[in-house]
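Participant: Could you look at this predicted model? Sequence included:
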Amino acid sequence: MTTLFTNIKELLQIRDAATTKVSGKDMATLPSIKNAFLFIKDDRIEDFGPMDQAPQTADTTVDCTGQIVLPTWCDSHTHIVYAGNREQEFVDRINGLSYEEIANNGGGILNSAKKLQETSEEALYEQASKRLDEVISLGTGAIEIKSGYGLTVEAELKMLRVIKKLKENYALPIKATFLGAHAFPTEFKNNKEAYIQQIIEEMLPKVASEKLAEFVDAFCETGYFSVEDTDRILIAAQKYGLTPKVHVNQFTTIGGVAMSVKNNALSVDHLEVMNADDITALQGSTTMPVALPSCSYFLSIPYTPARDLMNAGLPVALATDYNPGSTPSGNMNFVVATACIKMKMTPEEAINAATLNGAYAMNLAEEVGSITKGKKANIIVTKEIPSYGFLPYSFGSNHIDSVYIDGKKI
Ligand code: NIG
Ligand code: FE
């Protein structure tokens, strides 16, 4: 089965297979071909180039006059498996309570954990798959999903089994992250050590033996998991072959970045609050800094200092953080626009961050994230728009005409 896209106004994010991420100044460049063709064979990108070199025949031809084609968004940080919602806390925050105050009153992550524990695996799957369908229609073509709203052995495994079922039923690449260390359950409030033991001695072996996750995460933050707690969990998880991706520096900087780099974390995520030591720790590492601007937007907290990171020669990835508490949105188009509007990333930088660098942050850069021969044919075809800068500029509208996953129109 072959599909030929013709007369593409501009084909974005053309890369060779050796480029697995873009850093520093290079993020300002988004390689493209104007008046291009793209040729897909089965689920893979077979060829692309200027229109005058297009092949003559294909099983299907799609005329893209006036339309832009780019790789699908790579959302490397989500929590889309959750039960119900936290609308009430949203209203409480409008009325003046902080995220921290809500959490201290038994709301927040523990509220979601209670709901999730009471929800069946089937119902949880139904809710999560609706969210996944929605974000695919918004252009997401690879996604990471975390556990972390279970917080008991059974409920954490239930969440991870839901993610496993999503992997089986969907064509887009899905990566699973074990986030048992998301919050301390109430019953362990006065014995945090016992919960850490439960994560290390009960949860991790089960997650590993059922092969339920590729990655391990922890909420390394004041009032949650300390740098030392997180370090122990990451070290234990790596013995089971799980690669760290860590929530750090959302509210305070306590040394979590350096500790994550020491543990060869694939990514450090949030980074709303950064100091010079955090940036130095990332230099020379293979760890991807991941910014989550719709979380900053929703909670009215600072935005990740992407410009400082790029000026230090570092890469930046963008992801949604889709979750019921801090970011009830999985719209990568909004993330890209908000990165431009609030973080002062250029459209080129934001698109690099939301595609190739996002793929890197999931260990998927060989499969997705750019228009590269041999990569998966996961692409976005926009409506007729004046230029790619129009995507973040005209931020409230849906500019997507169609999404292809594995070469098939969704
Ligand atoms: O990434 N910061 C920790 N975890 C989630 C939010 C958790 C919640 O409020 O449910 C996040 O923002
Ligand atoms: Fe998160």
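Facilitator: Nice, thanks for sending it over. Please read these numbers as outputs of a predicted model, since none were measured by experiment. Numbers count the residues shown, from 1 in each chain. Ligands and ions are numbered 1, 2, ... in the order given.
Participant: what about Val153, how many neighbours?
Facilitator: By other C-beta atoms under 10 Å, the residues close to Val153 number 15. In this view, the C-beta of every residue, glycine as well, is placed from N, C-alpha and C.
Participant: how does the chain divide up, domain by domain?
Facilitator: Structural domains annotated on the chain: 2-71+370-409, 74-360, as defined by automatic domain parsing.
Participant: Of the ones you listed, which is nearest ligand 1?
Facilitator: Closest approach to ligand 1 among those (C-beta to the nearest ligand atom): domain 74-360, 2.2 Å.
Participant: and that closest one, is it in reach of ligand 1?
Facilitator: Yes - contact of domain 74-360 with ligand 1 (C-beta under 6 Å from any ligand atom) involves 108-109, 112, 219, 247, 250, 295, 321, 323-326.
Participant: will you turn the domains of the chain into JSON lines that also has mean pLDDT?
Facilitator: Putting the domains of the chain into JSON lines (pLDDT from 0 to 100) gives the following:
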{"stretch": "domain 2-71+370-409", "mean pLDDT": "97"}
{"stretch": "domain 74-360", "mean pLDDT": "97"}
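Participant: Comparing these, which stretch has the densest surroundings?
Facilitator: Greatest average neighbour count among the domains of the chain goes to domain 74-360 (a mean of 21), per mean count of other C-beta atoms under 10 Å.
Participant: next one: it to chain centre, how far?
Facilitator: 8 Å (C-alpha atoms, centre = their mean, to the nearest Å).
Participant: Which strand or helix spans Lys9?
Facilitator: For Lys9, the host element (DSSP states H and E) is strand 2-12.
Participant: Convert that strand to CSV, retaining C-alpha atoms only.
Facilitator: Provided in CSV are the C-alpha atoms of strand 2-12 (Å, rounded to 0.1, in the frame of the first residue of the first chain):
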residue,chain,number,x,y,z
THR,A,2,1.5,3.3,-1.1
THR,A,3,0.3,6.9,-0.5
LEU,A,4,1.7,9.9,-2.3
PHE,A,5,1.2,13.4,-0.8
THR,A,6,1.7,16.0,-3.6
ASN,A,7,2.0,19.8,-3.8
ILE,A,8,2.8,20.1,-0.1
LYS,A,9,3.2,23.8,0.6
GLU,A,10,6.0,23.1,3.0
LEU,A,11,7.2,19.7,4.5
LEU,A,12,8.7,20.4,7.9
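Participant: which residues of the stretch 151-300 of the chain fall in strands?
Facilitator: Assigned by DSSP state E, counting those that start in this stretch, the strands in the stretch 151-300 of the chain fall at 174-181, 215-220, 243-248, 267-270, 288-291.
Participant: who's in contact with the very next helix or strand once past the strand holding Lys9?
Facilitator: As assigned by DSSP H and E, the chain's next helix or strand after strand 2-12 is strand 32-41. With contact meaning C-beta atoms under 8 Å, 6 or more residues apart in numbering, strand 32-41 is reached by 1-14, 45-51, 53-55, 58, 69, 371, 377, 379, 388, 404, 407.
Participant: Check whether Ser296 really touches Tyr303, as I assumed.
Facilitator: Yes - Ser296 is within contact range of Tyr303, at 4.6 Å (criterion: C-beta atoms under 8 Å).
Participant: And the helices in the stretch 101-250 of the chain, which stretches?
Facilitator: 109-117, 121-137, 153-169, 192-197, 204-209, 227-239 (DSSP state H, counting those that start in this stretch).
Participant: okay if I get those as TSV plus distance to Lys34?
Facilitator: As requested, the helices of the stretch 101-250 of the chain are arranged in TSV below (distance: least, C-beta to C-beta, whole Å):
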stretch	distance to Lys34
helix 109-117	46
helix 121-137	27
helix 153-169	37
helix 192-197	55
helix 204-209	47
helix 227-239	45
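Participant: between these, which gets nearest to Thr346?
Facilitator: Nearest of the helices of the stretch 101-250 of the chain to Thr346, taken as C-beta to C-beta: helix 121-137 at 24.4 Å.
Participant: so who does the residue nearest to the spatial centre of the chain touch?
Facilitator: For the chain, the residue nearest the mean C-alpha position is Ser76 (2.1 Å; C-alpha atoms, centre = their mean). Neighbouring residues of Ser76 by C-beta under 8 Å, 6+ apart: 143-144, 245, 267, 269, 288, 290, 317, 319, 358-359, 361-362.
Participant: Look through the protein and report the residue furthest from the middle.
Facilitator: The centre of the chain is farthest from one residue, Gln56, which by C-alpha atoms, centre = their mean lies 38.0 Å away.
Participant: now what about stretch 151-170, what contacts it?
Facilitator: Stretch 151-170 has contacts (C-beta under 8 Å, 6+ apart) with 81, 109-110, 113, 116-117, 121, 124-125, 128-129, 132, 136, 145, 147-150, 174, 176, 178, 180, 182-183, 185, 198, 202-203, 206-207, 210, 212-213.
Participant: scratch that, stretch 228-240
Facilitator: Outside stretch 228-240, the residues touching it (C-beta under 8 Å, 6+ apart) are 178, 180-181, 192, 196, 199-200, 204-205, 207-208, 216, 218, 220, 225, 244, 246, 256, 259-260, 262-265.
Participant: and what of stretch 310-319?
Facilitator: With C-beta under 8 Å, 6+ apart, stretch 310-319 has contacts from 21-25, 27, 74-78, 144, 267, 269, 279, 282-283, 288-293, 304, 306, 309, 332, 335-336, 339, 345, 349-350, 353-354, 357-358, 360-361.
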